[in-house]
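**Student:** have a look at this prediction, sequence included:
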Amino acid sequence: MPLLPELRREAERRGGLAAGAPLDAAAAFTLVRDMPWVPTADPLPVVTLAAWQGHDASKHYLLRELLHELGYASMLIACTHAWSLEAAPWATGEARALLEEGPVPDVHTFLRVDSDAGWGTVDATWPLAAAVLGFPANERWLPGREMRVAADPEELYHVPDDADPEEFRRRLLDAHLDERDPRARERRRAFRSATVRCIERAAAAPNGRS
């Protein structure tokens, strides 16, 4: 099922796109980027679109499908990384307390996209509104340019085109967590949940910070 018509309907209904406005790659990137970040989101693109929320993997699964419909070739990239006080200066409250205990291992997903300007990195993880907190949100679509990746990659993996991207990510995550301490899974879940609360508290604060 084509996703661009549904993206337009949802975006117009939610006020993110004016009626009849162009829905090009730049607009699709902006709309997906600004969907709320939710760590437990369903990975299926159609569900991400209907729920209008996602995490790094689900947002990029959706964006890849949208870009394909717009005629762009792309590849999914997964990388291992670890959240730390240096990598997550935006962390407050419980999230910061967890990082003070030590790094939190995780896996991040983003895109490499081909355009007339060549291949470039595209990362739509964090909503632009979170940039005021220090989240590395990318402001605009820049064909052929290298956007800032929302994590500090340790090892990079090209997700094969014929692979189930979510199964690939989960296997990589399991292997990465198994290399760490026995509490790695619990600490990762807690940190990702606490990250949502960081964003929510900041959004509720009068000056955009908690």
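**Tutor:** It's in.
**Student:** and Ala26, backbone torsions?
**Tutor:** phi -60, psi -40 (degrees, to the nearest 10).
**Student:** show me the contacts for it.
**Tutor:** 140-141 (CB atoms under 8 Å, 6 or more residues apart in numbering). Every residue, glycine included, has its C-beta placed from N, CA and C.
**Student:** next one: His108
**Tutor:** Counted by CB under 8 Å, 6+ apart, His108 has contacts 56, 78-79, 81, 125, 149-151, 153.
**Student:** can you give me the strands for the chain?
**Tutor:** 74-83, 104-115, 118-122, 155-158 (DSSP state E).
**Student:** can you tell me which of the ones you listed is most buried?
**Tutor:** Comparing these by mean neighbour count (mean count of other CB atoms under 10 Å), strand 104-115 ranks first with a mean of 22.
**Student:** buried residues in stretch 150-169?
**Tutor:** Across stretch 150-169, burial judged by 16 or more other CB atoms under 10 Å covers 150-151, 157, 159, 165-166, 168-169.
**Student:** can you list the strands of the chain in TSV and add distance to Ala97 and mean pLDDT?
**Tutor:** Conversion of those to TSV gives the following (distance: least, CB to CB, whole Å; pLDDT from 0 to 100):
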stretch	distance to Ala97	mean pLDDT
strand 74-83	13	98
strand 104-115	11	97
strand 118-122	32	97
strand 155-158	28	98
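**Student:** TSV please, covering the ones you listed and showing distance to Leu17.
**Tutor:** Shown next, in TSV, are the strands of the chain (distance: least, CB to CB, whole Å):
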stretch	distance to Leu17
strand 74-83	22
strand 104-115	21
strand 118-122	19
strand 155-158	32
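**Student:** and the ones you listed: which comes nearest Ala18?
**Tutor:** Nearest to Ala18, of all the strands of the chain, is strand 118-122, at 23.5 Å by CB to CB.
**Student:** in its sheet, what does that closest one sit against?
**Tutor:** strand 104-115 (antiparallel) (DSSP bridges).
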